[in-house]
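K.L.:
Sequence and predicted structure below; questions after.
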Amino acid sequence: MAAACTAAALSSLACGSSGSSPSSSSSSSGACSSIGPAPATPSATPSSAVRTNTITIANCVATPKDIIVTRGTQVTFINNDSQTHEMTANPHPEHTECPEINSAGFLIAGQQRQTSNMVTNRTICGFHDHGLPNVVGLQGSISIQ
């Protein structure tokens with residue numbers, strides 16, 4: 001393991017990193033706070049979830065945090081923040097839970113993008129910012145009904 005870490009360090013990769021390369025980092029961690037645990041998907045639809053297909057990001061917070069959509073719906077992420085964000089599915093860094101979310105991907109300030117049609121077999125999909133996976137305000141869920 002130590003040899004692997006040394007080799008990785010020599011090739012500009014950090015051991016224990018999120019798996020992103022320097023060119024794919026989406027945002028500056030210095031501008032966001034409220035660092036918490038790695039993103040986790042709830043086992044049931046949160047009671048605070050609202051029925052909408054739009055999530056807006058501003059001041060390093062995704063609002064609403066938890067939403068409910070009809071199966072087949074596309075979800076729009078709007079970046080009203082001053083920095084870029086890369087919205088992806090849980091878990092981090094694999095992003096395999098609900099691949100439809102990964103279509104939203106990289107959003108520069110002022111940009112909006114949609115997921116693919118939410119047709120996964122799952123009923124609840126978690127999301128987070130790939131470059132800031134531990135920022136609680138950028139974590140949330142999409143419940144599919």
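P.N.:
Looks like it arrived, so ask away.

K.L.:
Just the CA atoms of the strand or helix carrying Met87, as CSV, please.
P.N.:
Taking DSSP states H and E as the criterion, Met87 maps to strand 85-89. Coordinates of each C-alpha in strand 85-89 appear next as CSV, following Å, rounded to 0.1, in the frame of the first residue of the first chain:
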residue,chain,number,x,y,z
HIS,A,85,-20.8,22.7,-9.6
GLU,A,86,-20.8,19.1,-10.9
MET,A,87,-24.0,17.5,-9.8
THR,A,88,-23.8,13.7,-9.8
ALA,A,89,-25.5,10.6,-8.3
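
K.L.:
After it, heading C-terminal, what element do we hit next?
P.N.:
strand 105-107.

K.L.:
Identify each buried residue in the helix or strand just after that following strand, please.
P.N.:
Next in sequence after strand 105-107, counting helices and strands by DSSP H and E, comes strand 112-114. Within strand 112-114, the residues that qualify as buried are Arg113, counting by 16 or more other Cβ atoms under 10 Å. Quick note: C-beta positions are derived from backbone N, CA and C, even for glycine.

K.L.:
so where's this protein shaky on pLDDT?
P.N.:
For the chain, the stretches with pLDDT under 70 are 1-30.

K.L.:
One more pass at 80, please.
P.N.:
Scanning the chain for pLDDT under 80 picks out 1-31, 33-34.

K.L.:
need the helices for it, in chain order.
P.N.:
Under the criterion DSSP state H, the chain contains helices at 2-10.

K.L.:
So which residue is smack in the middle of it?
P.N.:
The chain has His128 as the residue nearest its centroid, 2.1 Å off, counting by Cα atoms, centre = their mean.

K.L.:
what sits against it?
P.N.:
Taking Cβ atoms under 8 Å, 6 or more residues apart in numbering, we find His128 in contact with Pro39, Met87, Thr88, Asn90, His92, Val135, Leu138, Gln139, Gly140.

K.L.:
So what's the residue count around the residue nearest to the last one when sequence neighbours are not counted?
P.N.:
With Cβ to Cβ, 6 or more residues apart in numbering as the criterion, Gly140 has its nearest non-adjacent residue at 4.1 Å, and that residue is Lys65. Applying other Cβ atoms under 10 Å, we find 18 residues neighbouring Lys65.
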